[in-house]
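J.: the sequence and its predicted three-dimensional model are supplied below.
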There are 2 protein chains.
Amino acid sequence: MNLPPLVQSFVLHFGEMGSRWGINRTVGQIYALLFVSPAPVCAEEIAESLGISRSNVSMSLRELQAWNLVILKHKPDDRRDFFTTPDDVWQILRTLGEERKKREVDPTLSVLREILMQRPASDAERHAQQRMSEMHTLIEQLTHWYEDVKQLETERLATLLSLGAKVTKLLEAKDRVVSLGRSRRPNPANKS
Amino acid sequence: MNLPPLVQSFVLHFGEMGSRWGINRTVGQIYALLFVSPAPVCAEEIAESLGISRSNVSMSLRELQAWNLVILKHKPDDRRDFFTTPDDVWQILRTLGEERKKREVDPTLSVLREILMQRPASDAERHAQQRMSEMHTLIEQLTHWYEDVKQLETERLATLLSLGAKVTKLLEAKDRVVSLGRSRRPNPANKS
DNA sequence: TAGTGATTTCAGAAATTTCTGAAATCACAG
DNA sequence: CTGTGATTTCAGAAATTTCTGAAATCACTA
């Protein structure tokens, strides 16, 4: 591997983290390299920079493409493919969210749904279904929330993020206004 | 493996998904089994139910304990350890969030910080640092948001979730109220 | 259509991860 | 102590994943 020291640290780290993120070392390294490169990089150069075989690069790029994490570019009068990542890190985040949901959440949701359709044949199965239903409900809530906020423009999303838990303050304020409008008094049923 | 059919489907699914979630098959299966079991289960019974070796169960339970995902229970006059998962799925979600952050995010944040401290020695390094800084900023925003909302009680968190993107409506409403209070007119600087 | 260079495929090699059985350790009771 | 049963450890076996080099394919040009 022959890279500027700062880049090398970053690339090696992504390689090591790969396994925890559900991708392999090479895929992680390639992604990191593309992410910090000032211009699109061709496969040959990736192989050289990282000191891995050309075929490994080919397969790993294919993997990254399946994740929609790289963009293909071309130079005039050059047949080779060049690769980059999107410029906008928010866009990368969205893609990552989408793909992870597709791979890590959706299959489980559909298995849960399928199992919950079936008739339990014993107390043990009845109890198991009860638990799975709790899990199913939770995951559905999370994915609905996700489907909802992913539509937001980046700027609004960023605002929402920076507010954090403070949005609950707003909710309380809203509750007060609403109940005030309705009854001219704070709603006593509002425990808080 | 000798389990009620519904439970077996669930357990097998968790086993298969294990690799995508960064845990191995056995760990996934054991977790699934504990999650749907009506009562705490001892290691011997896990090994039998899943048809795996006793030592494998021991190591996998250790892994689950490192993740804080299982609870140890005891029966009177029985020396064996029995295992369960927490009852509350929201609690499970919190634990999962905490542990994944610790393993999958924090190390990267600290590597990024470290690299960003260094002085770039070339244009390539300068550009790389710029990109890493964008990544660092984004991750910090996300983790701050996370640290913030994880403090919320479950009920509030659930409310927030169910609102989804609708909270931005509230934000707009607030903006109107605030600017109205300040200037007696909608603030024209407010682009929306 | 033959030639050239880029890219992909794929069988097997290499590396890594997971799993097992045997032995060691531990905790407690008699 | 000593014996008993539960649990853990760990070296190596088994399984899985990753990686490579050689061959095949592909796209284009002369």
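T.: Cool, got the structure. Numbering: from 1, shown residues only, chains lettered A, B, ... in the order given.
J.: in chain A, what residue spans correspond to helices?
T.: A:5-21, A:25-36, A:43-50, A:54-66, A:89-100, A:106-117, A:123-149, A:154-163, A:167-183 (DSSP state H).
J.: my guess is A:Leu152 meets B:Thr168, correct?
T.: Yes. In this structure, A:Leu152 is within contact of B:Thr168 by CB atoms under 8 Å, at 6.6 Å. (C-beta placed from N, C-alpha, C; glycine too.)
J.: between those two, which contacts overlap?
T.: A:Leu160 (CB atoms under 8 Å, 6 or more residues apart in numbering or on different chains).
J.: looking at these two, which has the bigger crowd around it?
T.: B:Thr168 (19 against 16; other CB atoms under 10 Å in any protein chain shown).
J.: which pLDDT value goes with the more buried one?
T.: pLDDT for B:Thr168: 79.
J.: that one contacts A:Glu153, doesn't it?
T.: No. Using CB under 8 Å, B:Thr168 is not in contact with A:Glu153, being 9.5 Å away.
J.: circling back to that earlier point, ranking the helices of chain A by burial, who's on top?
T.: helix A:25-36 (a mean of 24; mean count of other CB atoms under 10 Å in any protein chain shown).
J.: avg pLDDT for that helix?
T.: 98.
J.: does chain B sit close to that helix?
T.: Yes. Using CB under 8 Å from any CB of the partner chain, helix A:25-36 reaches chain B at A:35-36.
J.: and chain A, which residues reach DNA strand C?
T.: A:19, A:42-44, A:54-55, A:58-59, A:61-62, A:79-81 (CB under 7 Å from any atom of the strand).
J.: of those residues, list those near DNA strand D.
T.: Answer for these near DNA strand D (CB under 7 Å from any atom of the strand): A:19, A:54-55, A:59, A:79.
J.: and which of these is nearest to DNA strand D?
T.: A:Ser55 (2.8 Å; CB to the nearest atom of the strand).
J.: check the residues of chain A next to DNA strand C and tell me the two furthest apart.
T.: A:Ser19 and A:Arg79 (34.9 Å; CB to CB).
J.: where does pLDDT dip in chain A?
T.: By pLDDT under 70, the low-scoring segments of chain A are A:175, A:178-192.
J.: cutoff 90 now
T.: A:1-2, A:19-20, A:22, A:76-79, A:160, A:163-192 (pLDDT under 90).
J.: list the contacts for the most centrally placed residue in it?
T.: Taking CA atoms, centre = their mean, the centroid of chain A lies closest to A:Gly97, which sits 2.2 Å from it. Contacts for A:Gly97 (CB under 8 Å, 6+ apart) come out as A:146, A:150.
J.: grab the nearest non-local neighbour of A:Ile30.
T.: A:Ser60 (5.2 Å; CB to CB, 6 or more residues apart in numbering or on different chains).
J.: for that neighbour, what are its contacts?
T.: Counting by CB under 8 Å, 6+ apart, A:Ser60 has contacts A:24, A:26-27, A:30.
J.: ok, it to chain B distance?
T.: 17 Å (CB to the nearest CB, to the nearest Å).
J.: ok, A:Ser122 next?
T.: In terms of CB to the nearest CB, A:Ser122 sits 6 Å off from chain B.
J.: what's the answer for A:Gln91, then?
T.: Counting by CB to the nearest CB, the gap from A:Gln91 to chain B is 11 Å.
J.: then A:Ser55?
T.: 23 Å.
J.: quick check: that residue vs A:Thr26, distance?
T.: Counting by CB to CB, to the nearest Å, the separation of A:Ser55 from A:Thr26 is 11 Å.
J.: contact residues of chain A facing DNA strand D?
T.: Going by CB under 7 Å from any atom of the strand, the residues of chain A near DNA strand D are A:19, A:24-27, A:52-56, A:59-60, A:79.
J.: hmm, A:Pro120 is touching B:Pro5, no?
T.: No. The pair A:Pro120 / B:Pro5 is not scored as a contact, 9.8 Å apart, by CB under 8 Å.
J.: quick revisit: pick the one among the contacts of A:Ser60 closest to B:Phe35.
T.: A:Asn24 (28.8 Å).
J.: just checking, the closest one touches A:Glu16?
T.: No. Look at A:Asn24 against A:Glu16 with CB under 8 Å: they stay out of range, at 11.1 Å.
J.: thinking again about what came up before, in CSV: the helices of chain A, plus distance to A:Lys73.
T.: As requested, the helices of chain A are exported to CSV (distance: least, CB to CB, whole Å):
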stretch, distance to A:Lys73
helix A:5-21, 20
helix A:25-36, 11
helix A:43-50, 12
helix A:54-66, 13
helix A:89-100, 16
helix A:106-117, 31
helix A:123-149, 31
helix A:154-163, 23
helix A:167-183, 40
